[in-house]
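>>> I would like the atomic coordinates for the input below:
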Amino acid sequence: MKISELFFSIQGEGELTGVPSVFVRTSGCNLRCRWCDTKYSSWKPEGDNVTVDELVEKVCSYPARHVVISGGEPMIAKGIKEFTGRLNELGKHITIETAGTVAPEGIKCDLASLSPKLSDSTPQEGDISEEWIERHESKRLNYDVLSEWVESYEFQLKFVISKEEEIKEIQEVVDQIRGNILPEKILLMPEGTDPETIRSRYDLLINLCKENGYRMCNRLHIDLFGNTPGT
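Next up is the predicted model:
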């Protein structure tokens, strides 16, 4: 497996915010979000090739039950099913952070952290090749795959948001996903890679959550460590 980074920290986002966790970031992605804050694992994938045995040994060297597998897009990583299967056998709690574009096909997962990509994620002309712009736009949403995740796993739906107009698009996306989706399963997360930008969006997110019954999702790791790899 090509791994961009592996580190021990606390979960900074979602329902498990604050929980000590081992983070495994795979390298490689099938999308090219224009605001991606880990381009070293997506736009320009970096990392080392590691065997599943080596990866499991490293994960188990830390005193944590929770393992968060992120990316890039971890569901396209070679060996991902074997890796999660091994972790499951060891009694680890597995969170997979995914855009929900690749079907789970029975993968071992305790919490599917789904982050469907809104239209604002599509890169603009000049940012990247036209081929990648078209590829991103055609792949960023797959409602059948998202529905399979929601119907088969414990889940949370995270949306990166920067302006009020995006709430209508979020509601349209959620309406297309099959399954029982309670409002509190929908997490709104501020776009930004520095504490000042993130805090500037708090009032917007608070109001949107109050109006719709959604959950506000902070980015605790940015507050604590900044946008720094390995945190």
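
>>> Which neighbouring elements make contact with the helix or strand of the chain with the lowest mean pLDDT?
When the helices and strands of the chain are scored by mean pLDDT, DSSP states H and E, helix 220-225 comes last with a mean of 74. Using 3 or more Cβ pairs under 8 Å, 6 or more residues apart in numbering; DSSP states H and E, the elements in contact with helix 220-225 are strand 2-10, helix 195-200. Every residue, glycine included, has its C-beta placed from N, CA and C.

>>> tell me the pLDDT at T231?
T231 carries a pLDDT score of 66 in this model.

>>> need the contact list for the closest residue to E82 other than its chain neighbours.
Spatial nearest neighbour of E82, chain neighbours left out: V52 (5.1 Å); criterion: Cβ to Cβ, 6 or more residues apart in numbering. By Cβ atoms under 8 Å, 6 or more residues apart in numbering, the contact list for V52 reads 1, 79, 82-83, 86.

>>> out of everything not next to it in sequence, what's closest to V102?
V102 sits nearest to M75 (Cβ to Cβ, 6+ apart), 3.7 Å away.

>>> Identify, from the contacts of V52, the entry nearest to I186.
Proximity of those to I186 (Cβ to Cβ) peaks at F83, which lies at 28.7 Å.

>>> and the gap between the most centrally placed residue in the chain and I128?
Among the residues of the chain, the one closest to the centroid is E97, at 3.6 Å (Cα atoms, centre = their mean). Remark: distance between E97 and I128 (Cβ to Cβ, to the nearest Å) = 22 Å.

>>> and if you look at S9?
As judged by Cβ to Cβ, S9 and I128 stand 30 Å apart.

>>> Would you map the helices across the protein?
Taking DSSP state H, the helices of the chain run over residues 52-60, 80-89, 130-139, 143-152, 166-175, 195-200, 202-212, 220-225.

>>> so which of those helices comes closest to D37?
Per Cβ to Cβ, nearest to D37 of those: helix 220-225, 8.9 Å.

>>> Might you calculate how far that closest one sits from the centre of the chain?
Here helix 220-225 is found 16 Å from its chain centre; the criterion is Cα atoms, centre = their mean, to the nearest Å.

>>> and it, C-alpha only, in PDB?
Presented in PDB, the C-alpha positions along helix 220-225 are these (Å, rounded to 0.1, in the frame of the first residue of the first chain):
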ATOM      1  CA  LEU A 220     -10.100  20.800  16.300                       C
ATOM      2  CA  HIS A 221      -6.800  19.700  14.800                       C
ATOM      3  CA  ILE A 222      -6.500  23.000  12.900                       C
ATOM      4  CA  ASP A 223      -7.100  25.000  16.100                       C
ATOM      5  CA  LEU A 224      -4.500  22.900  18.000                       C
ATOM      6  CA  PHE A 225      -1.800  22.200  15.500                       C
END
